[in-house]
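>>> model this:
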Amino acid sequence: MKPIIGIPSDQLIETNPRMPGDYLAYAPHDVKEAIYAAGGIPIILPFPEKFGDVKNDIKGIIEMIDGLMIPGGPDVDPLFYNEEPIPEIGMTLGIKDEFEIALIQEAIKVQKPILGICRGIQVLNVALGGTLYQDLISQNPNVKIQHAQATLGHFKTHHIKIEQNSNLFDLLGEKALVNSRHHQAIKQVAEGLIVAATSPDGVVEAVESEDSNQILAVQWHPENLWQNDKEQFKLFTDFVERSSEKK
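Residues are numbered from 1 along each chain as shown. Reported below is the predicted structural model:
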């Protein structure tokens, strides 16, 4: 049987006026298609209104899946890394953060593979004790390139440098051109993670497990690139292969 890939849901805030409160829980289309194309079976893991409703089910959820995929989404609530929100922060969903942090921590505990994208790299870092720039432009004076690109999301806009001692180097080589749609980023890297790639101005673009291939998380959006870029597709095939080994 193909590996089961769990994808925590996002939530559409706008509701049907005839169905107030009937929020849609969904996963990004391109992420879902990438998992299918790579040989996995994606399933959506919707977060609850109250974390207490599923707190005791986290272990069972992780046991049910073979790999955990954390896609993009809203800003991570800075309260989870002991900071107050600055004026420049965007929308946050604390219950989504709490749910995903619990899933990540349990997946790491039982050594289930993880792939993070954009918000995914950020919430992963927070789950392991790291911190974030709540807003790159206002908090990082070294930022010199556009990280929240103005052009369409499937266009590549800046390069990244990949560390030679990383698993990512084995997949993409020493340099790659990527898209970029974020205003938050890793500040202090969590213990147990290593930086696998950086942008020309030094912003962390990828992290992975320090001593294994369990975790790979990137700041760009390969789900919007893989259809026309076989190198970016390797991120998904590698993840599904790692997940298959854990079945």
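>>> Is I160 in a helix, a strand, or coil?
Following DSSP: H, G, I helix; E, B strand; the rest coil, the label given to I160 is strand.
>>> Touching, it and V204? I think so.
No. Taking CB atoms under 8 Å as the definition, I160 is not a contact partner of V204, at 9.9 Å. For every residue, glycine as well, the C-beta is placed using N, CA and C.
>>> what residues do these two have in common as contacts?
Common neighbours of I160 and V204, counting by CB atoms under 8 Å, 6 or more residues apart in numbering, are 197-198.
>>> what about L103, neighbour count?
Counted with other CB atoms under 10 Å, residues neighbouring L103 total 25.
>>> and it, what does it touch?
By CB under 8 Å, 6+ apart, the contact list for L103 reads 6, 8, 45, 58, 61-62, 68.
>>> next one: phi and psi at it?
phi -60, psi -40 (degrees, to the nearest 10).
>>> Just the buried positions in stretch 109-116, please.
By 16 or more other CB atoms under 10 Å, the buried positions in stretch 109-116 come out as 112-116.
>>> Just give me the neighbour total for I44.
Neighbours around I44, by other CB under 10 Å: 13.
>>> Poorly predicted segments of the protein, please.
Of all residues in the chain, those with pLDDT under 70 make up the ranges 13-22.
>>> quick one, strands of it?
Taking DSSP state E, the strands of the chain run over residues 4-8, 10-12, 24-26, 41-45, 67-70, 114-117, 132-133, 158-162, 175-178, 185-186, 193-198, 204-209, 215-218.
>>> Show me what the last one is in contact with.
Which is strand 215-218. Contact with strand 215-218 is made by 70, 108, 113-118, 120-121, 124-125, 167-168, 178, 193, 196-197, 205-209, 235, 238-239, as judged by CB under 8 Å, 6+ apart.
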